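[1] Mind folding the following:
(one chain, ligands or ions: 2)
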Amino acid sequence: MAILVTGGAGYIGSHTALYLQEKGEEVIILDNLEKGHEEAVLGTKLYRSDLRNEDVLDEIFRAHHISSVIHFAANSLVGESVEQPLEYYDNNVIGSYTLVKKMVEHGVKKIVFSSTAATYGEPKSIPILESDPTIPTNPYGETKLAIEKMLKWADEAYGLKSVCLRYFNAAGADPLGRIGEDHTPESHLIPIILQVALGQRENIKIFGDDYQTEDGSCVRDYIHVMDLAQAHYLALKKLEETNESGIYNLGNGTGFSVKQVIEVCRTITEKEIPAVITERRAGDPATLIASSQKAKEQLQWEPQYPNLEEIISHAWYWHQANPSGYKK
Ligand SMILES: NC(=O)c1ccc[n+]([C@@H]2O[C@H](COP(=O)([O-])OP(=O)(O)OC[C@H]3O[C@@H](n4cnc5c(N)ncnc54)[C@H](O)[C@@H]3O)[C@@H](O)[C@H]2O)c1
Ligand SMILES: O=c1ccn([C@@H]2O[C@H](COP(=O)(O)OP(=O)(O)O[C@H]3O[C@H](CO)[C@H](O)[C@H](O)[C@H]3O)[C@@H](O)[C@H]2O)c(=O)[nH]1
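    Ligands and ions are numbered 1, 2, ... in the order given. A predicted model of the protein is given here:
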C-alpha cells in the first residue's frame, strides 16, 4: 500500500515524504513543479502533473494501491491571494475538489490536509484553540476553510475520513541537510533573513513596528518542518486506528517577534544582518500563537526541535550549502 503525497516536491511535502519513507512507508508524489523541485524528491516516484488533471489521478489510483492521501498542493501566499483571489479558488478549491472526487470514485477513504492558522483570521484570544472562531481575513485562508468544510461533508456523505492540520509558521530544514526551503521569489521571514546573512540582499525589511506587541513587530509561532512531518505520519496512524476525522493546530506554543527572529539569526550566522522598518504588510495579524495540546494528547505528537535556535541552525546549514537553492 502506498501514500499519495500531492505537492510532495514542495517545502513541507518533500520533508514529509522523506520522513514517511524513513518510517518504511511507500510514497508516490504528484506535483506540477510550479513551485516545487525535482531535486527535493528523494527515492520515490514523481508524477509531474497538475492536481486538476483527472486522467492522471485515475492513472495513479489505478496503478498503485493508494491507502491514503496527504494533500499539500496549493497556492499559499497571503498577499498574493488578496491580489489574485480567483487563482486561489481555482488551484486550492477546485484542485482539492478534483482530488476528493477521484478519491471517492476510487474508494480511497483517508486524507490528511494541509490547513493553516490563516483560517482563524485575527484571533480573539491567544493561544489559539481549534474551537476558536474561524473568520479568515484573506482569500488564502478562505479557500483552506472551504476545503476543510468540503471534507467534513464528504465524511458525512461518503465516509471519507480526514485530518486537517492547521500549521502555524513552518521553518527549518532536514537536520541532515539533504533538502530545505527553496521558494522563488522567497517571501517567508527566516529564509529572507538568511539571504541577507549570505549577502544576497542588502537588508531585512521589518513589516511594521507599531503593532500591539512587546516590541511593536509581529509575533509568530515557528514550527520545525520535520515536526510537521512527524504530525502527518501520526495523523495517518490515528486515521488507521480510529477512523475518526479531526482538526489539529500545529505550533510550538511560543511566540517570537520579527525583531527577535532577526536577533536569533544574527547569533546563529554571526553576521550583522541590517534591518529597516517599513510599512505594515496587508492582512498580517499582530500575534499568532497556537495551542497544540489537542495534537499532543490525541495524536501523541511530540515536537523534536521546539527550540528556535535549532530551527534556524538547520535552515542556515541548508542555505549555506545551497545559496542559490537546489542545484539543477
Ligand atoms: N509554509 C508554511 O508556513 C505553511 C503554513 C501553513 C500551511 N501551509 C500549507 O502547507 C502546504 C505546503 O506549503 P509549502 O510551504 O510546502 O508550499 P510549497 O509551495 O513549497 O509546496 C506546494 C507544492 O505544491 C505544488 N502544487 C501547487 N499547486 C499544484 C497543482 N495544482 N498541482 C500539482 N502540484 C501543485 C507546488 O509545485 C509545490 O511543489 C500548502 O498547502 C500550504 O498552504 C504552509
Ligand atoms: O521580509 C519580511 C517577511 C516577513 N515579515 C514578517 O514576518 C512574519 C512572518 O511572515 P511569513 O511571510 O514568513 O509568514 P506568514 O506568517 O505570513 O505566513 C505563514 O504562516 C501562515 C499561517 O500562520 C500561512 O499558513 C502561510 O502560508 C505561511 O506562509 C510576518 O509578521 C511578516 O509580516 C517581515 O517583517 N519581513
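
[2] okay, now the domains of the protein?
    Annotated domains of the chain cover 2-171+224-250, 189-220+253-321 [automatic domain parsing].

[3] Flag every residue of the stretch 151-300 of the chain that's near ligand 2.
    Residues of the stretch 151-300 of the chain lying close to ligand 2 by Cβ under 6 Å from any ligand atom are 168-169, 187-189, 192, 204-207, 218, 220, 258, 281, 284, 288. C-beta: built from backbone N, CA, C; applies to glycine.

[4] how about 5 Å then?
    168-169, 188-189, 192, 206-207, 218, 220, 258, 281, 284 (Cβ under 5 Å from any ligand atom).

[5] Now the two most distant members of these.
    168 and 206 (19.4 Å; Cβ to Cβ).

[6] higher neighbour count, these two?
    residue 168 (25 against 21; other Cβ atoms under 10 Å).

[7] now that one, nearest residue through space, not along the chain?
    Closest residue to residue 168 apart from its sequence neighbours, by Cβ to Cβ, 6 or more residues apart in numbering: residue 251 at 3.6 Å.

[8] Can you report how many residues lie near the one you found?
    28.

[9] what ranges do the strands span in the stretch 201-328 of the chain?
    204-207, 219-220, 222-224, 246-250, 256-257, 275-278 (DSSP state E, counting those that start in this stretch).

[10] these two touch, right, the residue nearest to residue 168 and residue 292?
    Yes - using Cβ atoms under 8 Å, residue 251 is in contact with residue 292, at 5.5 Å.

[11] if we can go back for a sec, pull out the buried members of the residues of the stretch 151-300 of the chain next to ligand 2.
    168-169, 189, 192, 206-207, 218, 220, 258, 284 (16 or more other Cβ atoms under 10 Å).

[12] Could you dump the strands of the stretch 201-328 of the chain into JSON lines and include distance to ligand 1 and mean pLDDT?
    Shown next, in JSON lines, are the strands of the stretch 201-328 of the chain (distance: least, Cβ to the nearest ligand atom, whole Å; pLDDT from 0 to 100):
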{"stretch": "strand 204-207", "distance to ligand 1": "16", "mean pLDDT": "98"}
{"stretch": "strand 219-220", "distance to ligand 1": "9", "mean pLDDT": "98"}
{"stretch": "strand 222-224", "distance to ligand 1": "8", "mean pLDDT": "98"}
{"stretch": "strand 246-250", "distance to ligand 1": "9", "mean pLDDT": "98"}
{"stretch": "strand 256-257", "distance to ligand 1": "14", "mean pLDDT": "98"}
{"stretch": "strand 275-278", "distance to ligand 1": "21", "mean pLDDT": "98"}
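
[13] Now render those as JSON lines, adding distance to residue 108.
    Shown next, in JSON lines, are the strands of the stretch 201-328 of the chain (distance: least, Cβ to Cβ, whole Å):
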{"stretch": "strand 204-207", "distance to residue 108": "41"}
{"stretch": "strand 219-220", "distance to residue 108": "34"}
{"stretch": "strand 222-224", "distance to residue 108": "28"}
{"stretch": "strand 246-250", "distance to residue 108": "18"}
{"stretch": "strand 256-257", "distance to residue 108": "39"}
{"stretch": "strand 275-278", "distance to residue 108": "46"}
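
[14] Nearest to residue 264, out of these?
    Short answer: strand 256-257, nearest of the strands of the stretch 201-328 of the chain by Cβ to Cβ, at 7.5 Å.

[15] From residue 231, how far off is residue 195?
    Distance of residue 195 to residue 231, given as Cβ to Cβ, to the nearest Å: 28 Å.

[16] Mind checking which of the two has more residues around it?
    residue 231 (26 against 15).

[17] That one and residue 301 touch, don't they?
    Yes - Residue 231 is in contact with residue 301 according to Cβ under 8 Å; the separation is 5.1 Å.

[18] intersection of neighbour lists for these two?
    248, 250, 295 (Cβ atoms under 8 Å, 6 or more residues apart in numbering).
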